[in-house]
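**Q** I need the structure of the sequence given here:
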Amino acid sequence: MTMQHLVALTLAIVACVACIRLLLWHRRATQTGRASPLRLAVLLVLQPLTCALLYCALFPPAGSDGARLLRIATAGTSSIAAGSNEPFFTLPEASTNGGTRVPDLGTALRRMPGVQAIEILGQGLTPRDMDALPDVPLRFRPGPLPSGITALSPPGAVAPGARFRVGATVSAARGSSVELIDPAGRLTDQAEADAAGHVLLAGTARVAGPAIFTLRLREEGSIIDQTSVPVWVELVKPPKLLILAGAPGAEVKFLRRWATDAGYDVTTQISAGGGILLGDAPVRLDAASLGRFDAAIVDNRVWPAARGALMAAVRSGMGLILHAAGPVEANSMGQWRALGFDLKGSNRLVPLALPPVPVEAVARTRHGIADNDGPTDIASPDDAVPDISRLDRRPGGTGTVPLLDDNGGAGLAAWRQAGMGRIALFTAIDSYGLILTGRRDLHNDWWSALLNAVLRPASQTLFDPGTSWQDERLTLCHLPGPASAIAPGGGRAIVLPVHGCGAYWPRVPGFHRVEAKGQARMIYIHSRNELAIARQMRDRTATLLRASDESPSDSAPAGHRTSPWLWWIGWMAASALLWWLERNRLGRKGVPQSAM
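**A** Numbering: from 1, shown residues only. Have a look, this model is predicted:
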């Protein structure tokens, strides 16, 4: 039993006892002729009335001026929805003419205190109003979602000349097509969305700098929605690669050619014996000289002499690929194990199992069709399989990450962390044979995977591919310190710290640069009219997460309580009247003379 119930029970008992006392007094007074029925009736009414007023003073009841249900119109609300007796307000995003127009939800709540439930109509509340929602049941009646682009996934930062992919989700009729248009107005890619509305398009970045592509949704030949697709093309310096070989050979020749074509700044140093070095200008094998390289490829013949300098450079961030040029000596094998690689197997060379040649790739080559993603100089499936061998040892161990396997499942490469850099171990021998026998694709895949795994991370501008709109608060997290934002026109604004993140209100669309402690982040801001359906979908989802199935009669709060002073004044007035009436002779009959 709560305190409120206990007080109510006590006051009810007091009122009953007082009424019983009055009835007993009236019974005695009737015998003496002094009873007055009117006086008794007034006293009987005042007893429970004073108790009731005291209870209301102690526990004021809820006020009756609050609205029980508040209806809010958002974007996409029909004007028919305004026909109701409950208070009805329209937010700026709503196009309906009914109801009272307010700038935000907080204004509507201040005008209607004591709201017990809220009903949202249309496409949902914007982030501006989500924080103003009170802790009351929320009902959401979403309207139909128009056809358009409901989500956009732009690419991250890309290199000049690289291909990128753009993801999107659309709500449209079956058979609608989605197009990607480049900045020059040329059609880059076109596709139909799947059953769920998802589509993936590809484009090519041309020159460094910001680029604006366009995504269009067509339905029956007409454009029903379109939006800008921001692409940040980052001009990154070619990574520096050092190739150290213990003897001249075809492996070094083809590896250098491949790395140069792949965009690396390659330096080759080959030992010809007797202190003679071939290739580029000699590189001092010390930590200072090796520190300017992003990765190094070293065979087992060079490793023992350069081990100390190479490991110092790796711990500072350089990537290292160790590969076998033939059977590995016991000394080198022990040093590889000391790096953390568990090399199980023998020291002999065994054939390497290659995957079969794709038949469709052969068909494209025979018909003279170029395919940048497929192999070049490919051999026929009837040609002899290249005699590519591997060291009969599988790199592994605690803390290592498997990287490459042959077609038979044997491990070819693995990498592990060493300080700030990474070390990879590659056991395939004479990989250049893949190129000579038409498997250039496999040669490219192997060495690309190896270098991508260990390459020193390039310092470049971060590009945030998230979706943001003009004149809407943008939340930025993971900032290293105080930050400022530079708009496309050059205007600078301070990013306000909010709960460990930063808040920024972009006023103009375009690429905005956020700077904090020497780090830069590029963010694209869409204009307020772009991706309107995507914004409605965001608001719709957020409101659905906050909505409940409760009705006002189930769990609505009692609303605001009235002032207790009115009840105290009423209780004091009733108590004073009761005290005066019980002590006054008003309404009492006189005493008969015979009784005196």
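
**Q** Pop the domain breakdown of the chain in here.
**A** 3-61+561-595, 69-146+534-555, 158-235, 240-454, 471-526 (automatic domain parsing).

**Q** Dump those domains into JSON lines; add mean pLDDT, distance to residue 463 and mean neighbour count as well.
**A** In this view, the C-beta of every residue, glycine as well, is placed from N, C-alpha and C. Formatted as JSON lines, the domains of the chain follow (pLDDT from 0 to 100; distance: least, C-beta to C-beta, whole Å; neighbours: other C-beta atoms under 10 Å):
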{"stretch": "domain 3-61+561-595", "mean pLDDT": "79", "distance to residue 463": "54", "mean neighbour count": "14"}
{"stretch": "domain 69-146+534-555", "mean pLDDT": "82", "distance to residue 463": "19", "mean neighbour count": "18"}
{"stretch": "domain 158-235", "mean pLDDT": "89", "distance to residue 463": "4", "mean neighbour count": "16"}
{"stretch": "domain 240-454", "mean pLDDT": "79", "distance to residue 463": "19", "mean neighbour count": "17"}
{"stretch": "domain 471-526", "mean pLDDT": "89", "distance to residue 463": "5", "mean neighbour count": "15"}
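
**Q** Could you export these as a markdown table, including distance to residue 465?
**A** As requested, the domains of the chain are exported to a markdown table (distance: least, C-beta to C-beta, whole Å):
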| stretch | distance to residue 465 |
| --- | --- |
| domain 3-61+561-595 | 51 |
| domain 69-146+534-555 | 14 |
| domain 158-235 | 8 |
| domain 240-454 | 21 |
| domain 471-526 | 8 |
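
**Q** For residue 152, which of those is the nearest?
**A** domain 158-235 (5.4 Å; C-beta to C-beta).

**Q** starting at the chain centroid, how far to that closest one?
**A** 22 Å (C-alpha atoms, centre = their mean, to the nearest Å).

**Q** end-to-end on that domain?
**A** Counting by C-alpha to C-alpha, to the nearest Å, you get 8 Å between the two ends of domain 158-235.

**Q** and the longest helix for the chain?
**A** helix 3-32 (DSSP state H).

**Q** Which strands and helices lie in contact with the helix or strand that that helix is followed by?
**A** Following helix 3-32 in sequence order, the next helix or strand is helix 37-58 (DSSP states H and E). Packed against helix 37-58 by the contact rule (3 or more C-beta pairs under 8 Å, 6 or more residues apart in numbering; DSSP states H and E) you find helix 3-32, helix 564-583.

**Q** for the most centrally placed residue in the chain, what are its contacts?
**A** Nearest residue to the geometric centre of the chain (C-alpha atoms, centre = their mean): residue 466, 8.4 Å. When contacts are counted by C-beta atoms under 8 Å, 6 or more residues apart in numbering, residue 466 is found next to residue 523.

**Q** Tell me which stretches of the stretch 301-450 of the chain form strands.
**A** With strands called from DSSP state E, counting those that start in this stretch, the stretch 301-450 of the chain shows them at 319-323, 344-351, 389-394, 401-405, 411-418, 421-426, 428-429.

**Q** who does the first one touch, helix- and strand-wise?
**A** To tie it back to what came earlier, the one meant is strand 319-323. strand 295-299, helix 303-315, strand 421-426, helix 440-454.

**Q** still on that earlier bit, so which of the strands of the stretch 301-450 of the chain gets nearest residue 137?
**A** So among the strands of the stretch 301-450 of the chain, strand 401-405 is nearest, using C-beta to C-beta, at 51.1 Å.

**Q** Who are the packing partners of the closest one?
**A** strand 411-418, helix 440-454.

**Q** Just put the ones you listed in CSV and tack on distance to residue 492.
**A** Output for the helices and strands packed on strand 401-405, formatted as CSV (distance: least, C-beta to C-beta, whole Å):
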stretch, distance to residue 492
strand 411-418, 40
helix 440-454, 37
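
**Q** so which of those comes closest to residue 285?
**A** Closest among the helices and strands packed on strand 401-405, using C-beta to C-beta: strand 411-418, at 17.4 Å.

**Q** Each with direction, which strands does the closest one pair with?
**A** Sheet partners assigned to strand 411-418 using DSSP bridges are listed as strand 401-405 (antiparallel), strand 421-426 (antiparallel).

**Q** Let's have those in CSV, adding distance to residue 204.
**A** As requested, the strands paired with strand 411-418 are exported to CSV (distance: least, C-beta to C-beta, whole Å):
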stretch, distance to residue 204
strand 401-405, 29
strand 421-426, 30
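
**Q** Nearest to residue 212, out of the ones you listed?
**A** strand 421-426 (36.6 Å).

**Q** what residues does the closest one touch?
**A** If you take C-beta under 8 Å, 6+ apart as the criterion, strand 421-426 is touched by 313-324, 336, 339, 341, 343, 395, 403-404, 412-416, 446, 450, 453-454, 456.

**Q** Could I get the full set of helices for this structure?
**A** Assigned by DSSP H, the helices in the chain fall at 3-32, 37-58, 105-111, 127-130, 250-261, 287-290, 303-315, 330-338, 359-366, 433-436, 440-454, 532-546, 552-555, 564-583.

**Q** now these in CSV, with distance to residue 270?
**A** What follows is these, written out as CSV (distance: least, C-beta to C-beta, whole Å):
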stretch, distance to residue 270
helix 3-32, 92
helix 37-58, 97
helix 105-111, 73
helix 127-130, 62
helix 250-261, 6
helix 287-290, 17
helix 303-315, 13
helix 330-338, 18
helix 359-366, 33
helix 433-436, 19
helix 440-454, 18
helix 532-546, 56
helix 552-555, 80
helix 564-583, 95
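
**Q** closest one to residue 141 among these?
**A** Between residue 141 and those, the tightest spacing by C-beta to C-beta is seen for helix 532-546, at 10.2 Å.

**Q** What is that closest one packed up against?
**A** For helix 532-546, the packing partners by 3+ C-beta pairs under 8 Å, 6+ apart are helix 127-130, strand 138-142, strand 148-153.

**Q** ok, 6 Å please
**A** If you count contacts as 3 or more C-beta pairs under 6 Å, 6 or more residues apart in numbering; DSSP states H and E, helix 532-546 packs onto strand 138-142, strand 148-153.

**Q** Dump those strands into TSV; add distance to residue 479 as well.
**A** TSV is the format used below for the helices and strands packed on helix 532-546 (distance: least, C-beta to C-beta, whole Å):
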stretch	distance to residue 479
strand 138-142	33
strand 148-153	23
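
**Q** so which of these gets nearest residue 243?
**A** Closest to residue 243 of the helices and strands packed on helix 532-546, according to C-beta to C-beta: strand 148-153, at 38.1 Å.

**Q** Tell me what angle the closest one forms with helix 532-546.
**A** With axes from the mean of the first three to the mean of the last three C-alpha atoms, to 10 degrees applied, the angle from strand 148-153 to helix 532-546 works out at 80 degrees.

**Q** For the remainder of this discussion, apply numbering that starts at 819.
**A** Got it, the first residue is 819 from now on, which makes the last one we talked about strand 966-971.

**Q** Give me the helices and strands touching strand 966-971, please.
**A** Looks like strand 966-971 contacts strand 981-989, strand 1040-1051, helix 1350-1364 (3+ C-beta pairs under 6 Å, 6+ apart).

**Q** Could you save these as TSV and add columns showing distance to residue 942?
**A** Shown next, in TSV, are those (distance: least, C-beta to C-beta, whole Å):
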stretch	distance to residue 942
strand 981-989	15
strand 1040-1051	19
helix 1350-1364	3
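
**Q** So which of the ones you listed is nearest residue 1206?
**A** Checked against C-beta to C-beta, the stretch from the helices and strands packed on strand 966-971 lying closest is strand 981-989, at 29.3 Å.

**Q** So which residues make contact with the closest one?
**A** Strand 981-989 is contacted from outside by 963, 965, 967-971, 973, 976, 1011, 1015-1022, 1035, 1047, using C-beta atoms under 6 Å, 6 or more residues apart in numbering.

**Q** What pairs with that strand, parallel or antiparallel?
**A** Applying DSSP bridges to the sheet, strand 981-989 is found paired with strand 966-971 (antiparallel), strand 1016-1022 (antiparallel).

**Q** So what angle separates the directions of it and strand 1040-1051?
**A** Orientation of strand 981-989 against strand 1040-1051 (the same axes, to 10 degrees) gives an angle of 150 degrees.
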